[in-house]
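>>> Have a look; sequence and predicted model below, questions after that.
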Amino acid sequence: MHSETIGEALRLQADRRPDSPFLFQADRRLSYLQVATQSSALAVGLRNLGVEQGDRIAIDLPNWPEFAVATFAAALLGATIVPLNPGYTPRELQFMLRHSEAVVAITAENWAGTDYLQLFEGLLIELPDLQYLVTVGEEDLWYDDRIFQFEDLVSSGMGRELEPVEQDPAADTFAILYTPGTTGTPKGVMLSHANLLSAARATADALALAESDVALCAVPLYHIFGLGAALLTTAVSGGSVVLQEPFDAAEALGLVERHGITVLHGVPTMFVMLLRHPDVGAFDLSSLRTGIVAGAPVAPELVDRARDQLVPDLEIAYGLTETSPTVTITSPSDPDELRVNSVGRPVAGVEVVVVDDEDRAVPAGALGEVAVGGPNVMLGYFRQPSETGSAFTAEGMLKTGDLAHLDAQGYLHIEGRKGDVIIRGGYNVHPREIENHLRSHPAVLDVVVVGVPNEVLGELICACVITAEGALITDSELQEFARKAIADYKVPDLIRFVEVLPSTPSGHARRKELARTVRSEIS
């Protein structure tokens, strides 16, 4: 069992292969030594601002090298990163910054049409814990004593010694990643250095990754798939990462050809888009060897086509934010049927059991809830002890909320979810958050949100709405109302206006019944 920090893991690679490329993005190339040097310099710059061990550093960036540099800088400081989706609305952003008590936020100046400097200037007034803003951009702007440019902070720390801090890789929280909670309020998943590194090494071993491998990271770095399965898994194996933002099928195919990419990770939606691209056959994809498809239910036909036309040894994996993320993965040596109809077997060091409602293990083949144990399992939910307590069995196994069965050979077969979470394009979306917002519209009397199967996104979000008496509203108006308060991937794809919503005697919506009705109407 390795007992190093994420900062030490990078330093090890920088010592071994200083000039080997680690990160590519657009026309930029950073070697392992350059990333290690910049990370150390940024850590010095942040320390000089007063950022201390245990402080939270929010990283609100797309897939840029600065995300990785900031991640490793935090690891050297003994600080905790809080990766945030740049697509969050100000309301969502404010909640996570306040809940995490982040003392500094690292953000883009401008990205995808958003002026983040303006957005954060408003948040600085509202958030007393947020002391500093560090911006990534090329504009020569005037800053006050709380706003710094990323490059300036790195320059200020260059050549200066960083005092090492004592850290416990297994006990110290390195990352807090927010994931939808059962009440609709996001939960901050606390992951240690050891959680992330153990999962990264087990995943790298399962994929037989080597220093010669080049991985395309088009999944977001703020998501556990990007941070854990793409960035850190490549880092521990000494390979290279090509960063793409945002995902674009034609550009991704071009990057494979240009960089000789060998490892391609993605959610099912990405592989559907790659396979459907009209010019897919015009690119030289012969370098592709392996990769992971995960984050949403995977159709066997999709995996077969992806292995045939794109990635010969594409593997299906199962995991969640709370498990850093990899729990199980298929293997080239698996029987063909199990390699497309299961999510594989547990990676090294991880234990999977299927339990009943009393947390007792069920026999092989019986349906139950997936429970996971191992060094990859989270420390708990940040500042939510009751949520943390209810997430584990008496034996300390994490209850995932996913329904599945284990076959006699130890392969896991996911069959659904115990909760109501909708998985759309690899993102977990909790219906209650959307419902609460839509109900605030004066034209909406009641609403229930359900998931509808979709070949491209895994599931679509469908809002079943009862309008208030005499109210007139269109589906596009409701979608626009939602878009102003919640991230784009949570905005309902479909709005269905209904007269009644099926409910239990106690008044709770019968979600499964409603979902069945909607699915049958759409199909």
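Cool, the structure landed.
>>> Quick check: residue 238 touching residue 20?
Yes - taking contacts as CB atoms under 8 Å, residue 238 lies within contact range of residue 20: 6.9 Å. Glycine gets a C-beta too; all of them are placed from N, C-alpha and C.
>>> The two: which is more packed in?
Legend: neighbour count by other CB atoms under 10 Å for residue 238 and residue 20, higher for residue 238 (19 against 16).
>>> Output the below-cut-off pLDDT ranges for this protein.
Counting by pLDDT under 70, the low-confidence segments of the chain come to 1-2, 140-143, 181-184, 503-509.
>>> ok so, going back, so what's in contact with residue 238 and residue 20 at the same time?
Here residue 238 and residue 20 have 13, 32, 211 as joint contacts, going by CB atoms under 8 Å, 6 or more residues apart in numbering.
>>> now that we have those, which one has the most neighbours?
The most crowded member of those, judged by other CB under 10 Å, is residue 32 (24 neighbours).
>>> To what extent is residue 358 buried, counted in neighbours?
6.
>>> Could you shift the numbering so residue one becomes 19, and keep it that way?
Shifting the count to begin at 19 puts that one at residue 376.
>>> could you measure it against residue 370, distance?
For residue 376, the distance to residue 370 (CB to CB, to the nearest Å) stands at 18 Å.
>>> Just the ones of the shared contacts of residue 256 and residue 38 in helices?
Secondary structure from DSSP state H places 31, 50 of these in helices.
>>> Closest to residue 122 out of the shared contacts of residue 256 and residue 38?
Distance to residue 122 across these (CB to CB) is lowest for residue 50, with 25.3 Å.
>>> Grab the most central residue of this structure for me.
Nearest to the mean C-alpha position of the chain, by CA atoms, centre = their mean, lies residue 241 at 2.0 Å.
>>> Show me where the stretch 269-418 of the chain has its strands.
281-282, 308-311, 331-337, 344-347, 363-364, 369-373, 386-391, 398-399, 416-424 (DSSP state E, counting those that start in this stretch).
>>> Dump the C-alpha coordinates for the second one into CSV.
Put plainly, it is strand 308-311. Output in CSV follows, covering the C-alpha atoms of strand 308-311 (Å, rounded to 0.1, in the frame of the first residue of the first chain):
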residue,chain,number,x,y,z
THR,A,308,-7.9,1.1,-24.4
GLY,A,309,-10.0,3.3,-22.3
ILE,A,310,-13.1,3.5,-20.1
VAL,A,311,-16.7,4.0,-20.9
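>>> helices or strands next to that strand in the packing?
When contacts are defined as 3 or more CB pairs under 8 Å, 6 or more residues apart in numbering; DSSP states H and E, strand 308-311 packs onto strand 281-282, helix 318-327, strand 331-337.
>>> and what of the first one?
Counting contacts by 3+ CB pairs under 8 Å, 6+ apart, the secondary-structure elements packed against strand 281-282 are strand 232-235, strand 308-311.
>>> got a list of contacts for that strand?
For strand 281-282, the external contacting residues (CB under 8 Å, 6+ apart) are 225, 227, 231-234, 252, 257, 274, 306-309, 328-329, 332.
>>> how far out from the middle of the chain is that strand?
Averaged C-alpha coordinates place strand 281-282 at 17 Å from its chain's average position (CA atoms, centre = their mean, to the nearest Å).
>>> which one among the shared contacts of residue 256 and residue 38 gets closest to residue 280?
residue 229 (11.3 Å).
>>> separation between that closest one and residue 115?
Residue 229 is 38 Å from residue 115, by CB to CB.
>>> Over to residue 352?
In terms of CB to CB, residue 352 sits 43 Å off from residue 115.
>>> returning to what we had before: is it possible to get TSV of the helices and strands packed on strand 281-282 that adds distance to residue 164?
Converted to TSV, the helices and strands packed on strand 281-282 look like this (distance: least, CB to CB, whole Å):
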stretch	distance to residue 164
strand 232-235	32
strand 308-311	40
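>>> Could I get these in CSV, plus columns for distance to residue 423 and mean neighbour count?
Below are the helices and strands packed on strand 281-282 laid out as CSV (distance: least, CB to CB, whole Å; neighbours: other CB atoms under 10 Å):
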stretch, distance to residue 423, mean neighbour count
strand 232-235, 32, 26
strand 308-311, 21, 25
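>>> and residue 169, how many neighbours does it have?
Residues near residue 169, counting by other CB under 10 Å, number 16.
>>> name the element it belongs to?
Following DSSP states H and E, one finds residue 169 within helix 168-175.
>>> who touches the following helix or strand past that helix?
Sequence-wise, the next helix or strand downstream of helix 168-175 (DSSP H and E) is strand 191-197. If you take CB under 8 Å, 6+ apart as the criterion, strand 191-197 is touched by 23-24, 74, 92-93, 98-102, 114, 118, 204-211, 213-214, 240-242, 245, 338-340, 397, 400, 446.
>>> hang on, the earlier thing: which one of residue 352 and residue 115 has more residues nearby?
Taking other CB under 10 Å, residue 352 and residue 115 do not tie; residue 115 has more neighbours (25 against 18).
>>> Show me what counts as buried in whatever helix or strand the more buried one lives in.
Using DSSP H and E, residue 115 sits within helix 108-118. Buried residues in helix 108-118, counted by 16 or more other CB atoms under 10 Å: 110-112, 114-115, 117-118.
>>> Between which two of these is the distance greatest?
Longest span within the buried residues of helix 108-118, CB to CB: 110 and 118, 12.6 Å.
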